[in-house]
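Q: Here is my input, please return the structure:
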Amino acid sequence: MITLTQKQKKQRFDIMSDSPLALLRNVGISAHIDSGKTTLTERILFYAGRIHKIQEVRGEGAKMDHMELEKERGITITSAATQVKWRDNTINIIDTPGHVDFTVEVERSLRVLDGAILVLCGVAGVQSQSITVDRQMKRYGVPRICFINKLDRAGADPVNVIKGLEEKLGLTAIQLQLPIGLGNDLNGVVDLIQMKAAYFDGDNGEKVRWEAIPADMAEEAKSARTGMLDALSLFDDDMLELMLEEQEVPEEMIHRVLRRGTLANDFAPVLMGSAYKNKGVQLLLDAMTRYLPSPLDRDMHALDIDNAEAKTPIKLEGDQPLVCLAFKLVDETFGQLTYMRIYQGKMLRGERYKNSRDGKMYRFGRILRMHADDREEIESASAGDIVAVVGIDCVSGDTFCGAGVNYSMESMHVMDPVISLSIAPASTKDRDKMAKALNRFAKEDPTFRLSSDEETGDTIISGMGELHLDVYCERIRREYKCELIVGQPRVSYRETPSISVKYDYKHKKQTGGSGQYAHVVGTMEPLPEGFEEPYEFENKVFGGRIPTEYIPSVDKGFKQCMKKGPVAGYEIIGVKMILEDGSSHAVDSSDMAFQICARDAFKETFLKSKPVLLEPIMKVDVETPNEFQGSIIGDLSSRRGMVQQTESSGPLTLIVAHVPLSSMFGYATDVRSMSQGKATFTMEFESYKRVPKTIQEEIIAAAKAAEAKK
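A: Now for the predicted structure:
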């Protein structure tokens, strides 16, 4: 008996469209750092005919790592876009960074993509950034295919990786292939759908040779296929019926169920191989075009600004007004390069379109098809496409519309920075260069923040980690020829109340003529641990004791106090302000009077709430050879770290710990010296936790000393 849900899924995903959009794929390639996603992208470009020579990440630098810093460090820093043709399909590909410090690049890419490839290391399996990327995919409902890479490495274990997908990411993993050999013996893969063995011949594995499954793997392959079909039959009653009757399941039905389940995010197909050894990539390309969604398969809505921001379905086909989203900015010599995803209508060169945020009209003078740092000028682009426009002034997240509509697309999630440092030019003549660079980077990267210390006048930059800020400082030196004086990193502590306190504050001022009068009564409460918003306001005033028009003024006054706390000058979070009573004056009460009253009440009450400092706690993942495990755990403990888990995988151990950010400065050097340069680590923000009392006293004393110097 087919359930209603299955019927709906079949109706939606089984209908084949004649539209060219049905052959378009917008795909992101994401992974933990050093899982091989840029190497994989390089092979995809080669097999699809976009490039004619394979270059490696370490050495000449892969095509998609076009910045000098990327080539030197062997990591991806910015996402890069390209387009390839595979069989009858057009695929727009975005290669994203793996390091958590550049996670905004993944965030904004997944916001505009329809599908994704989650690349996993065959040895390390599901790692910290794999979990972060998976969370981002789930946030935007992006279907994914998993590719287990690096099966040519010693210690590769695809069974363990699939177990990690299910246990750590909560995915239902459908294994579609078996490796033929592992490590140095990796020769190809067994396709469990066709029940054939695929080998990759030629200098670069460009020729796919299909053979019978090796005799010594026949039973293993038969068992794995049965397991695959059993898992798929849970999502399709027609297949289940064939299985129960012990009939052969048609290959076309397997593909159909795989596509339907992938698009509905019921499960994730798992393929495997080695991008570096040129094995398995063409089969992954086939799976991308078979199972990942076209723009037609995605439910997309915009907010109609002219209709109280009501959700309005996006219409991909037909003669519709343009709707496109600016998701990435790059400031260049000849103007800003704005990457855009077109959701509806057609973008024409030379036409004028409206920015729905500020209502201004902009002329799209040049439209580019990007291939990493190469570009190709085009006259137009249609719904579903990803292109770049030159020379328009906008910010990331802006929506542009054609005549007749005023829509806004949902913007992306942006995390707050956790680390800051002061920065100044080594020479006063370079001040303008530094200012130009910082303004550019702040505009391009929403997680890179720029501020000024009001007392000292120091320029403060804030970001997601040491590497994040280090890369931007290095780019200023190289791209703008500006030497810098960089201060010590500063931790973004927070202040919060620890107990509930009642307040009853009256603001009364008479200076001749109309005076000022406001009176507020209520409670300040600390928010429970795990709060999502840093501030909450609840109005419990009844009977008009405070006129309704002044309630927002009270809320505004409270909010104004959150930026700088009285304990050590840090931002206040975790506060709930309840307004319970008060009074007003028919003549002397005003919006400003209630704002002032709320501010003074907040400051007075906060000091009575036994305020404490909170510090950012980082989730630190260290991957080390087993012999260094003890010394690394001991070092993390000495940094006030709490080890959450250790997991051995062959010769390597993964250590997961929660460590205060203030203890992690310079850790990259320390962990290398402890492990003879063999250990690697990543860290990302986990939560804010209370600072121990003795350390809080030191932080407050340091803040007061700094204040005294000013």
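Q: how about the helices of the stretch 51-200 of the chain, start to end?
A: Using DSSP state H, counting those that start in this stretch, the helices found in the stretch 51-200 of the chain span residues 68-73, 103-112, 128-139, 158-168.
Q: which stretch in the ones you listed is the model least sure about?
A: Ranked by mean pLDDT, the helices of the stretch 51-200 of the chain bottom out at helix 68-73, which scores a mean of 54.
Q: Would it be right to say that Met243 lies in a helix?
A: Yes: applying DSSP: H, G, I helix; E, B strand; the rest coil, one finds Met243 inside a helix.
Q: any idea how far it is from Glu252?
A: The spacing between Met243 and Glu252, counted by CB to CB, to the nearest Å, is 16 Å. Where you see a C-beta, it was placed from the backbone N, CA and C, and this is true even at glycine.
Q: Compare neighbour counts for the two and give me the winner.
A: Per other CB atoms under 10 Å, whichever of Met243 and Glu252 has more neighbours is Met243, with 16 against 8.
Q: Spatially, what comes nearest to that one if we skip its sequence neighbours?
A: Take Met243 and drop its neighbours on the chain: the residue closest to it by CB to CB, 6 or more residues apart in numbering is Ser233, 5.0 Å away.
Q: ok, that neighbour touching Leu240?
A: Yes: in this structure, Ser233 is within contact of Leu240 by CB atoms under 8 Å, at 4.1 Å.
Q: Strands of the stretch 251-400 of the chain, start to end?
A: 268-272, 301-304, 310-313, 323-332, 335-344, 346-348, 352-355, 361-363, 366-371, 374-378, 380-382, 386-390, 399-401 (DSSP state E, counting those that start in this stretch).
Q: partners of the second one, with directions?
A: Strand 301-304 has the following sheet partners, assigned by DSSP bridges: strand 310-313 (antiparallel), strand 407-408 (antiparallel).
Q: Going by mean pLDDT, which of the ones you listed comes out lowest?
A: Among the strands paired with strand 301-304, strand 310-313 scores lowest, at a mean of 88.
Q: which of the strands paired with strand 301-304 is buried the deepest?
A: strand 407-408 (a mean of 22; mean count of other CB atoms under 10 Å).
Q: State the next helix or strand along the chain beyond that one.
A: Per DSSP states H and E, the first helix or strand lying C-terminal to strand 407-408 is strand 419-425.
Q: Off-centre distance for the helix or strand following that next one?
A: Sequence order places helix 431-444 as the next helix or strand after strand 419-425, per DSSP H and E. Centre-to-centre, helix 431-444 and its host chain are 23 Å apart (CA atoms, centre = their mean, to the nearest Å).
Q: Work out which residue lies at the spatial centre of this protein.
A: For the chain, the residue sitting closest to the mean C-alpha position, by CA atoms, centre = their mean, is Glu107 at 2.9 Å.
Q: pLDDT score assigned to the residue lying closest to it once chain neighbours are set aside?
A: Nearest non-adjacent residue to Glu107, counting by CB to CB, 6+ apart: Met412, 5.2 Å away. What the model reports for Met412 is a pLDDT of 71.
Q: do the one 10 residues further on as well
A: Note for Ser422: predicted pLDDT of 87.
Q: Now for the closest residue to it other than its chain neighbours, how many residues are close by?
A: Sequence neighbours aside, Gly487 is the residue nearest to Ser422 in space, at 3.4 Å (criterion: CB to CB, 6+ apart). Neighbour count for Gly487, taken as other CB under 10 Å: 15.
Q: how about Gly487, what does it touch?
A: Leu421, Ser422, Ile423, Ala424, Asp458 (CB atoms under 8 Å, 6 or more residues apart in numbering).
Q: One more: Leu240?
A: Applying CB under 8 Å, 6+ apart to Leu240 gives the contacts Ser233, Leu234.
Q: redo that, cut-off 6 Å
A: By CB atoms under 6 Å, 6 or more residues apart in numbering, the contact set of Leu240 is Ser233.
Q: Next, the contact list for Gly650, please.
A: Gly155.
Q: For it, give me phi and psi.
A: Dihedral pair for Gly650: phi 60, psi -130, per degrees, to the nearest 10.
Q: and it, how far is that from Gly188?
A: Counting by CB to CB, the separation of Gly650 from Gly188 is 23 Å.
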